[in-house]
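Student: Kindly return the folded structure for what I paste below:
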Amino acid sequence: MSTVQRQEKTPAMRKSDAHTFTLRPAIAKWSALLMSCVLGAQAVAQPASRAPTLPAQPPGASAAAPATTTPAATATPAPFKADLTYTLEQLGAQYPLNLRGIDGSNTLAFSVRNDEVVTGARLDVRYTYSPALLADISHINVLVNDEVAATIPVPKETAGVNLQRTVDIPPYLITAFSNLRLQLIGHYTMNCEDPLHSSLWANISNQSKLELATSPVQLPDDLARLPEPFFDRRDARTLQLPFVFAAAPDTAMLEAAGAVSSWFGALASYRGARFPATVAQLPAQGNAVVFAVGATAPGVSTPLQGPTLAVTANPTDPNGKLLVVMGRNAQELKQAANALVTGSQTLTGPSATITQFADLQARKPYDAPKWLRTDRPVSFGELIDAKRLNVSGYSPDIIRMDVRVPPDLFGWRENKVPVNLHYRYTPQPTSVNSSLLFSVDNQFVKSIPLFALEKISDGETLRAQVLPDESLPMQAQIEVPLELLKSRSQLQFRYMYDYIKQGECRDIIIDNVRGAIDPESTIDVSGYPHFIAMPNLAAFTQAGFPFTRMADLSETAVVLGSNAGAQEYGAYLTVMGRMGESTGYPATGVTVVKAQQASTAPADKDLLVIASGADQAWLKDWAARMPAAYENSGRFAVSDLVYRVLGWFHIDPRQDEQRPRTALAYTSSGVSAVVAGFESPRENKRSVVLIASNQPEGLQDATSALIGGKDYEHPIQGSLAIIRGKQVDSLVGEHQYYVGTLSFFKRIDWWLSSINPNLTLAGLIIGMLIALAVLAFLLSLLRRKPKSTP
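Tutor: Numbers count the residues shown, from 1 in each chain. As a prediction, the model looks like this:
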């Protein structure tokens with residue numbers, strides 16, 4: 001049996017961040033406060049109508065073919081209306097499910113939000129099965145949490161044909177965390193049979209759909225539930241969380257909002273997150289985060305006493321909640337935001353006033369919680385739950401472990417990344433082809449044979465080393481090319497056991513085969529220098545680099561246009577969420593400035609510029625360094641990068657330089673956006689990333705491309721990317737610069753290779769020594785005096 005499960009990637013926050021605060025009793029009448037501070041005199045939107053609650057489907061019902069005839073109902077039941085729809089691919093099945101053998105199955109995990117209850121469920125399954133299956137004793141089971149929900153027959157007449165069937169799932173079988181298992185019970189003969197015969201198969205499309213009908217559940221207003229209901233780890237969909245500013249935000253309020261959005265982005269992890277922004281307008285439906293500043297507010301019995309956090313009902317939706325971040329001034333607002341993102345696990349009650357909050361400890365470069373440490377080897381147990389490192393069965397699912405490395409690790413003429421692998425497996429008495437396959441992002445790296453005891457020297461002694469679970473501990477050294485470990489990669493371990501047939505009527509599959517990767521296994525990326533050619537938009541898209549070099553973005557300044565509005569605010573918040581997803585830490589140190597203040601921003605910061613429409617005139621001062629100009633018209637430099645194979649670059653970045661061959665300028669009213677990287681005009685070795693659009697609406701296309709997904713054929717990379725809807729075209733600018741440092745001898749080696757790629761410092765020294773030796777020998781010959789004749 002193989003298992004395919006969706007990976008949960010909850011980011012770990014650093015414990016070294018010192019923060020202490022105490023709580024004060026709740027402030028009354030939060031709904032009135034929000035109505036006065038946020039809505040003001042504006043009319044309140046009416047709550048959106050909700051679909052009626054659907055009754056649970058009868059456990060025995062089947063939409064495709066009911067097994068029995070039931071009496072006519074006295075009333076027509078309400079039609080099934082799905083509120084949630086997941087394809088099996090979204091649940092973790094990267095490929096169609098292949099069920100093989102007399103008892104083959106695949107398991108997928110799904111879950112239900114804490115503020116919802118399932119009232120109906122069904123599976124729209126698309127499948128094909130072998131013509132060799134005997135219909136009387138073969139079938140496909142649909143199980144939820146190991147209970148049979150439905151059985152699909154496999155008649156001979158429809159064998160080998162693509163079929164579709166909708167089966168009802170009793171809602172009482174579904175819990176908060178559930179497993180959906182598809183099982184083939186297959187037989188091809190009434191006599192003795194091979195349990196792994198090639199004719200025993202069924203194929204389930206990963207585009208099959210699980211549909212759920214739900215009803216909302218009202219939760220109490222309690223900070224102890226955070227981050228729920230604003231983010232629920234049971235929800236596998238992209239997080240859509242509106243941010244509401246009570247008034248036009250200043251830079252301090254935007255900084256506080258950026259810290260909160262990056263926190264939610266880190267929690268959302270692989271799901272992705274979007275944060276649409278509004279000013280003084282609550283969403284008509286659902287949850288939202290509200291930011292407000294003021295000493296007092298109408299309808300509140302007592303004035304604010306300091307930084308305040310609260311959870312209250314959304315006045316426009318009884319089932320929605322509002323997370324309120326408040327302070328009497330900008331400083332208190334930022335304190336409330338920082339307390340939320342670093343200490344939410346200590347809060348309780350409907351509201352809390354922060355009475356003390358110590359300054360956060362300064363971060364160090366490259367210490368992002370999600371990144372591999374570069375100062376020591378990292379054990380696998382630090383990266384993944386040890387339970388997910390165990391598998392069972394003759395052909396189990398792949399053990400997958402996600403790793404992220406700083407994108408500026410420089411592997412030119414360096415050793416490969418060492419992986420010290422400790423693993424265990426069930427040794428077989430005899431075996432031929434059993435092996436453990438190691439890959440990185442589906443690229444094969446090494447095959448490790450799993451020897452049978454009879455093929456291992458001193459096998460009897462090894463039997464004494466077999467652990468109580470009958471597994472044999474082993475060790476292997478693996479070397480991984482650094483270029484395979486992109487900013488985000490996946491290490492994959494696949495156990496493949498050879499099934500030894502015992503003979504006719506003696507073959508029985510016993511589930512006693514195990515495999516495990518020891519959590520004490522390590523991967524070591526220490527010792528590599530930090531050195532990278534810039535601009536590099538691939539590093540920005542995948543890891544937020546260079547901004548995420550400091551996990552709290554303390555060396556980042558975000559520049560917004562002077563006339564920035566809701567679209568620009570939403571783009572900024574979404575990008576901050578992407579940064580949090582990359583590092584696993586909130587952006588508590590980010591600085592926000594407006595365009596008119598850009599010249600006064602600290603020069604020792606990398607700049608992230610977000611602009612749209614005519615609010616880009618101030619960028620003309622930087623035109624000499626920008627690879628593109630984009631206001632109401634476009635000007636670009638075009639190179640051969642658009643024709644090369646995307647996604648593959650050399651370990652030596654100089655081989656990837658693409659000089660522009662022509663220039664292009666145009667004027668158009670169509671909506672498009674650009675993401676461009678270039679060196680900061682204010683300080684060398686500092687970077688600028690520009691996200692711009694000729695219209696504010698185009699910024700959403702840019703942020704969607706940053707999040708990515710299967711809808712995008714090409715990723716953002718190079719130094720300039722043109723985004724038109726779902727189409728991304730990467731171009732290149734003229735100027736390239738390097739960020740980072742190399743050791744003295746490495747830099748000499750780097751310089752020599754620019755003269756001749758085959759020239760190295762060691763080779764040069766050896767050549768010089770040989771030349772000196774030859775020269776010394778010749779001088780010694782010249783100094784010899786000829787012998788005088790008598």
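
Student: Could I get the full set of strands for the stretch 51-200 of the chain?
Tutor: Using DSSP state E, counting those that start in this stretch, the strands assigned to the stretch 51-200 of the chain run over residues 84-87, 97-100, 103-111, 116-129, 139-144, 147-153, 163-169, 177-185.

Student: Show me the contact partners of the second one.
Tutor: Counting by C-beta atoms under 8 Å, 6 or more residues apart in numbering, the neighbours of strand 97-100 from elsewhere in the structure are 4, 88, 104-106, 140, 182-184, 186, 196, 200-204, 206. No exception for glycine: its C-beta is placed from N, CA and C like everyone else's.

Student: switch the cut-off to 10 Å
Tutor: Under the contact criterion C-beta atoms under 10 Å, 6 or more residues apart in numbering, strand 97-100 has outside partners 1-2, 4, 88, 104-108, 127, 129-130, 140, 182-186, 195-206, 208, 395.

Student: how about that strand: buried residues?
Tutor: By neighbour count, with 16 or more other C-beta atoms under 10 Å as the criterion, the buried positions of strand 97-100 are 97, 99, 100.

Student: Tell me which of the residues you listed has the lowest pLDDT.
Tutor: Confidence by pLDDT is poorest for residue 100 among these, given 90.

Student: how close does it get to residue 131?
Tutor: In this structure, residue 100 and residue 131 are 15 Å apart, going by C-beta to C-beta, to the nearest Å.

Student: ok, now residue 568?
Tutor: 60 Å.

Student: Tell me which of these two has more neighbours.
Tutor: Between residue 568 and residue 131, counted using other C-beta atoms under 10 Å, residue 568 has the larger neighbour count: 23 against 12.

Student: low-confidence ranges in the stretch 651-790 of the chain?
Tutor: Within the stretch 651-790 of the chain, the segments meeting pLDDT under 70 span 651-671, 732-734, 756-764, 767, 784-790.

Student: quick one, helices of it?
Tutor: Using DSSP state H, counting those that start in this stretch, the helices found in the stretch 651-790 of the chain span residues 698-707, 744-755, 761-783.

Student: and the ones you listed, which is most packed in?
Tutor: Per-residue neighbour counts averaged over each of these give the maximum for helix 698-707, namely a mean of 22 (mean count of other C-beta atoms under 10 Å).

Student: Quickly note the distance from the residue nearest to residue 555 when sequence neighbours are not counted to residue 704.
Tutor: Spatial nearest neighbour of residue 555, excluding adjacent residues (C-beta to C-beta, 6 or more residues apart in numbering): residue 605 at 5.3 Å. Distance, residue 605 to residue 704, using C-beta to C-beta: 27 Å.

Student: right, and residue 343 touches residue 354 too?
Tutor: Yes: Residue 343 sits in contact with residue 354 when judged by C-beta atoms under 10 Å, with a separation of 8.8 Å.

Student: rewinding a little: can you count the residues close to the residue nearest to residue 555?
Tutor: Neighbour count of residue 605, defined by other C-beta under 10 Å: 23.

Student: ok, it - contacts?
Tutor: 547, 550, 553-558, 590-591, 593, 680, 682-683, 686-687.

Student: so residue 564 makes contact with residue 696?
Tutor: Yes: applying C-beta under 10 Å, one finds residue 564 in contact with residue 696, separated by 9.1 Å.

Student: In this structure, mark out all the helices, start to finish.
Tutor: According to DSSP state H, the chain carries its helices in the segments 30-34, 251-268, 330-343, 459-463, 537-543, 566-583, 698-707, 744-755, 761-783.

Student: quick one: which of those helices is nearest residue 276?
Tutor: With C-beta to C-beta as the criterion, residue 276 lies closest to helix 566-583 of the helices of the chain, at 4.8 Å.

Student: about what we covered before: so which of the buried residues of strand 97-100 is the closest to residue 384?
Tutor: When those are compared for distance to residue 384, the smallest value, 23.6 Å, is given by residue 97; criterion: C-beta to C-beta.

Student: List the beta-bridge partners for that closest one.
Tutor: Each beta-bridge partner of residue 97 is listed here: residue 204, as defined by DSSP bridges.

Student: mean confidence score for stretch 168-184?
Tutor: Averaging pLDDT residue by residue across stretch 168-184 gives 94.

Student: same deal with stretch 496-511?
Tutor: Averaged over stretch 496-511, pLDDT sits at 70.

Student: can you pick the most crowded of the contacts of residue 605?
Tutor: When neighbours are counted as other C-beta under 10 Å, the busiest of the contacts of residue 605 turns out to be residue 553, with 31 neighbours.
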